[in-house]
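J.: What shape does this take:
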Amino acid sequence: MAYGLIPLINGKQEEFADITVNILGVPFVTVQSIEYSDVQEMKNVYGAGNRVVGRVYGNFTPSAKIKILAKEVASLQAVAIGGVIQNIPEFNIVVTYIDDAYAPVKHTWRNVRFINNGRTSSTGDGEIVCEMDLIISHVEFN
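T.: Predicted structure coming up:
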């Protein structure tokens, strides 16, 4: 009797384990989390009556945040003028992962600068984590 494989209903899903983050052209392996978005301002327009008659669109507001272990932040400080990562001039961050067809997907954060340099650690933690807020011009969702 032959047993066939039961296919996954939704196939392979994107997952954190597939993510590669390149900062200044170097893959950072201690990235613990990433967060990024590109939100467009939208507003309904009203006319006669109480229903929407149109919509107007405003600016995009990009945001990005990354958590990295302190050891790799120290390597960024080593290349920064005066050891201050906020002095690193604009650069791009490339986030790549594998989609459900096992093809690479690339998102590029453009014109990135670090806003802060801090550390977070608590009792029981085995590592020191740096949550870095970033300022970016936009995200290219390729």
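
J.: hang on, isn't residue 12 packed against residue 97?
T.: No. Contact criterion CB atoms under 8 Å: residue 12 and residue 97 do not qualify, at 11.2 Å. Using the backbone N, CA and C atoms, a C-beta is placed for each residue, glycine as well.

J.: which helices and strands sit right next to whichever strand in the chain runs longest?
T.: Determined from DSSP state E, the single longest strand within the chain is strand 52-69. In this structure, strand 52-69 packs against strand 31-46, strand 104-114, strand 129-135, strand 138-141, with contacts taken as 3 or more CB pairs under 8 Å, 6 or more residues apart in numbering; DSSP states H and E.

J.: rewinding a little: residue 12 and residue 97 - which one has more neighbours?
T.: Between residue 12 and residue 97, counted using other CB atoms under 10 Å, residue 97 has the larger neighbour count: 16 against 12.

J.: pretty sure residue 86 is in a strand, no?
T.: No. Assessed with DSSP: H, G, I helix; E, B strand; the rest coil, residue 86 is helix; it does not lie in a strand.

J.: what about it, distance to residue 116?
T.: Computed as CB to CB, to the nearest Å, the residue 86 to residue 116 distance reads 8 Å.

J.: got it, and residue 81?
T.: In terms of CB to CB, residue 81 sits 17 Å off from residue 116.

J.: Equivalent analysis for residue 135, please.
T.: 10 Å.

J.: quick one, which of those two is more surrounded?
T.: residue 135 (14 against 11).
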